[in-house]
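Engineer: Got a sequence here, can you model it:
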Amino acid sequence: LSLLLLADCALSVGGPQGTAKPKYYGTVAPYPNFNASHDATVLHSAIEAKGVDEDVIISVLVMRSNEQRQKIKAVYEATTGKRLDKDLKSALRHDLEDVCLALLMTPAQFDAFCIRKATKGHGTCERSLIRVLVSRSELDLKKIVEEYYAMYNRHLQEDIVRDTKGHYQKVLLGLCGPI
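Structural biologist: Predicted structure coming up:
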């Protein structure tokens, strides 16, 4: 599940030296002839269908780039007056619910979610913290810190202090910046 979720927001490391970087950095290219209004309507119909049409939900969400999914979310809310993530949460179950909700997050939101999952509860998943914090740019880290606070009403740095110690803690705090 983690590999599938990370695949969409993984950063491109580029090809052989000297090759141009693509205009997008996720593994999902923008869908040609994209129409957010149409996709929002299709998703709404699939959610409202008797028995929920999971195949339609999957086909729309996995074939759109993150930027396109963000536009679909906005149009869905504007046209239905409801939040797409809440409607999907009530319509889907288990792993499919988890994947679809993760696909609706921005990369910074998903990273904040992964960090929270790594620090929440008993013990800390140090591998997850390292994977996210060490591989992001300074701008990405700033967005992650902001999203973490917006999503959990907690400072990421305080959770790092609570869950880590020593040089490891200092390195992570150095990456995240001051509160």
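
Engineer: How far off centre is the host helix or strand of I72?
Structural biologist: Assigned by DSSP states H and E, I72 belongs to helix 66-80. Here helix 66-80 is found 15 Å from its chain centre; the criterion is CA atoms, centre = their mean, to the nearest Å.

Engineer: So which elements touch it?
Structural biologist: If contacts are counted by 3 or more CB pairs under 8 Å, 6 or more residues apart in numbering; DSSP states H and E, helix 66-80 sits against helix 36-48, helix 84-91. In this view, the C-beta of every residue, glycine as well, is placed from N, C-alpha and C.

Engineer: Which stretch among those helices approaches V56 most closely?
Structural biologist: Comparison of the helices and strands packed on helix 66-80 against V56 by CB to CB identifies helix 36-48 as nearest, at 3.9 Å.

Engineer: any idea which element the residue nearest the centre of the chain lies in?
Structural biologist: For the chain, the residue nearest the mean C-alpha position is F110 (2.9 Å; CA atoms, centre = their mean). Using DSSP H and E, F110 falls within helix 107-119.

Engineer: Please work out the average pLDDT along the following helix or strand past that helix.
Structural biologist: Next helix or strand after helix 107-119 toward the C-terminus (DSSP H and E): helix 126-133. Mean pLDDT, computed over helix 126-133, is 86.
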